[in-house]
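S.K.: model the following, please.
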Amino acid sequence: MTAPTRTVRPAVTEPRARFRDLLAAEWAKLWSLRSTYWTLLLSGLTIIGININAAVADYHNWPQYNSDIRAIFVPIWAMRDAFAQPSGLVLMLAAGSIGAITLTGEYGTGLIRTTFAAVPARRSLVTAKLIDVTVVMLGYGTVVAGVSFWATQAILSGRHVGMSIEYPGAFQAVVASALLAPVSALIGMGLGAIVRHGAATIVITTAVLLLLPLCFTDHYRWTADIKHALPASAWQRLVDIGYGRFNFAVRHPTTTTEAWITLASWAVAAAVVAVTVVDRRDV
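M.R.: Okay, here's the model as predicted:
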């Protein structure tokens, strides 16, 4: 009697996830959070509203300004209206929070275990997150910065003190303000990879972006160097296109090149930290 033959089925191996599939998956995750929509919308309107309010105030107060203020209104005051310091703080807080929640949210719910089980390539996964967040926040920053500059200068043009994008340093200020959003978001992601707790990460991100610059002054070289090395100070340097002019002495000045390097360094360092920490630490 012949023994029955056993059919051996070939093992079926699942294809490795392509990087563009990871990008698509992380993109869907990012936009599946309602907090993403509301944070971007409300913070964007708040930022633009703060800047427009500053321009409207200067428009109405223009007849009372003396000759000294009028002499330096363009570019100093006009640019401050376009990118008021409070609006920059709101932008950094919103972008940093979104970056933090993007990573800490999965740790908080435990979804990160499922994610890593489906995609063991942690570096590729985190890189996809970083790219998606950078693209979204760059678009957000571009819209907010562009609308703020256009709207405020249109208002000031009613007093013939509005600036065009072609004014020396104006384009630089708009670009720096647009890039501040993705840089802040990446910093939030880097800190989120280390802390892994949503509320704690947002608090630390706020401290690094908003509070730390207040702890250092330019009275001494070493404190000035630390202050210049912070992202908020670098942004303020790039937006202040009247820096060191109009007889305003700067005790320990910095350059626009150094400010650009500072922003780039924080973004790259935060991305490297996020990828490295998530890859090496257990869930």
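
S.K.: all contacts plus neighbour counts: C-alpha atoms, from now on.
M.R.: Noted.

S.K.: need the helices for the stretch 101-250 of the chain, in chain order.
M.R.: 111-118, 122-156, 170-195, 198-206, 221-228, 231-239 (DSSP state H, counting those that start in this stretch).

S.K.: from the chain's centre, how far out does the second one sit?
M.R.: Using Cα atoms, centre = their mean, to the nearest Å, we find the averaged C-alpha position of helix 122-156 to lie 7 Å away from the chain's own average C-alpha position.

S.K.: wait, isn't I165 in contact with V175?
M.R.: No: here I165 lies out of contact with V175, judged by Cα atoms under 8 Å, at a distance of 10.8 Å.

S.K.: list the contacts of the nearest residue to T254 once chain neighbours are set aside.
M.R.: Nearest residue to T254 in three dimensions, chain neighbours excluded: H228, at 7.1 Å (Cα to Cα, 6 or more residues apart in numbering). Counting by Cα atoms under 8 Å, 6 or more residues apart in numbering, H228 touches A234, T254, A259.

S.K.: list just the nearest of those residues to P63.
M.R.: A234 (33.5 Å; Cα to Cα).

S.K.: gap between the closest one and P253?
M.R.: 12 Å (Cα to Cα, to the nearest Å).

S.K.: more neighbours: the two, which one.
M.R.: Legend: neighbour count by other Cα atoms under 10 Å for A234 and P253, higher for A234 (25 against 14).

S.K.: that one touches L263, doesn't it?
M.R.: Yes: assessed by Cα under 8 Å, A234 is found in contact with L263 at 6.6 Å.

S.K.: by how many degrees do the least confident helix or strand in the chain by mean pLDDT and helix 122-156 diverge?
M.R.: Using mean pLDDT, DSSP states H and E, helix 111-118 stands out as the lowest-scoring helix or strand of the chain, at a mean of 87. Angle, helix 111-118 to helix 122-156, by axes from the mean of the first three to the mean of the last three Cα atoms, to 10 degrees: 130 degrees.

S.K.: now helix 111-118: how far from the chain's centre is it?
M.R.: The answer for helix 111-118 is 27 Å, by Cα atoms, centre = their mean.
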